[in-house]
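Participant: I would like to see how this sequence folds:
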Amino acid sequence: MDLPPNMCDIAALEALKQSIVTRDAREIYHEHLMGHNLWLFEKRMKLPNAPRRYDELKGYVSQKLGLSFNNVAIIGSAKTDFSFNPSNDFSLFSDSSDIDFALVSTRHFYRFWDAYTEVARKNYLPNYNRITGSIFRKFVEISERHPIHHPHFEEWHKQVGSFKKDIQTGFGIIHDINYRIYDSWEAVETYHTDGINELKKKLSD
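Facilitator: Predicted structure coming up:
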């Protein structure tokens, strides 16, 4: 007998927690956060060709931003249904959730780091501690909700805004989009395995 949707969520969450407790963080990272499966397309939108559509989305974003296809991924609750952020208590993807793109580009990372530095020298930098903490972990986060007034960021938002409607109409994504730009894939893995290890500790206590 099939379980009701909420019971399926509970069962899936308990299995995920058990997996986190018993397995290596890098195994969890590669199984759940990497790969061709995208929960948003597969389970929520129920697309019959979900892995191919995910590849098409990555290809579209990589082309528009001038990045390699392999340097674009969605990482977050849209990828897995459950948030892996230790502070979010495994919250489920919802209508108010953001789509979190992980983009790997050393060039863009240092470009925006320089922009942050320039803004901080001349003006008050909102969310200073969060921004500097991110940079030390080798990523910068670019959110539509927290704009930074600098030509590099304004150019980025203009570039992204020009194809956001295409993503909405072409792929059915209506959520806000965040872009986290990492210096390398090693930085992506380190950030997320650190979070998984924090979850492992919380679950084991």
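Participant: ok, D24 - how many residues close by?
Facilitator: Each residue near D24 was counted by other Cβ atoms under 10 Å, and the total is 12. Backbone N, C-alpha and C define where each C-beta goes, glycine included.
Participant: cool, and the one 4 residues further on?
Facilitator: Number of residues near I28 (other Cβ under 10 Å) recorded here: 22.
Participant: Which residue, neighbours along the chain excluded, lies closest to it?
Facilitator: I196 (5.1 Å; Cβ to Cβ, 6 or more residues apart in numbering).
Participant: what number of residues lie near the one you found?
Facilitator: Counted with other Cβ under 10 Å, residues neighbouring I196 total 21.
Participant: can you tell me which residues contact it?
Facilitator: Residues near I196 by Cβ atoms under 8 Å, 6 or more residues apart in numbering: I20, A25, I28, Y29, F84.
Participant: name the element the third one belongs to?
Facilitator: Pointing back at I28 there. In this structure, I28 sits in helix 25-28 according to DSSP states H and E.
Participant: about what we covered before: take the contacts of I196 and, keeping just the buried ones, write it as a ChimeraX select command.
Facilitator: In ChimeraX syntax, the buried subset of these is picked out as below (16 or more other Cβ atoms under 10 Å):
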select :20,25,28,29,84
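Participant: which one of the contacts of I196 sits closest to E42?
Facilitator: The shortest gap between E42 and any of the contacts of I196 belongs to F84, at 17.5 Å (Cβ to Cβ).
Participant: looking at it, the closest one is touching H32, isn't it?
Facilitator: Yes. Applying Cβ atoms under 8 Å, one finds F84 in contact with H32, separated by 7.4 Å.
Participant: quick one, phi psi at I99?
Facilitator: With angles defined as degrees, to the nearest 10, I99 sits at phi -90, psi 120.
Participant: I'd assumed A78 was in contact with it.
Facilitator: Yes. Using Cβ under 8 Å, I99 is in contact with A78, at 5.1 Å.
Participant: what touches both of these two?
Facilitator: Each of L40, H175 lies in contact with both I99 and A78 under the rule Cβ under 8 Å, 6+ apart.
Participant: Excluding covalently adjacent residues, which one is nearest to D55?
Facilitator: D55 sits nearest to H36 (Cβ to Cβ, 6+ apart), 6.7 Å away.
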